[in-house]
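Novice: Pasting the sequence and the predicted model now:
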Amino acid sequence: MSLKGAQKKELRAIGHSLSPVILVGEEGLTEGLIKEAERALKDHELIKIRFVGERDERAEMIAELAEELDAEVIQTIGKMGLFFRRAKKPNPKLSNLLRNGFN
């Protein structure tokens, strides 16, 4: 899912106004959390997730979650991670991409 620089820039701009849909707490990446992130990505295609913990621990969780979800990490800033994965059949009412005119 190799994105070009301009596409990533556009996704970061869309992601800027998004609120986190998931909070990864002290328990880390649980099965339920991964299922919820999977559902959110399927519906919205671009989601923001907030992580707690130390910097190294957060970086590990972000990488592991991206791998589990088969998603691309567009950006990480502090405790936030912006995840992207195209839906096979995006819902125009839910997709953050379609609502913002992303190609």
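Specialist: Ah, there it is.
Novice: Just the strands from this protein, written as ranges.
Specialist: Assigned by DSSP state E, the strands in the chain fall at 20-24, 46-51, 72-77, 80-84.
Novice: So which elements touch the second one?
Specialist: It stands for strand 46-51. Using 3 or more C-beta pairs under 8 Å, 6 or more residues apart in numbering; DSSP states H and E, the elements in contact with strand 46-51 are helix 5-16, strand 20-24, helix 31-44, helix 55-69, strand 80-84, helix 96-99. In short, each C-beta sits where N, CA and C put it, glycine included.
Novice: Then the last one?
Specialist: Using 3+ C-beta pairs under 8 Å, 6+ apart as the contact criterion, the secondary-structure elements in contact with strand 80-84 are helix 5-16, strand 46-51, helix 55-69, strand 72-77.
Novice: can you tell me the average pLDDT over the first one?
Specialist: The pLDDT scores in helix 5-16 average 94.
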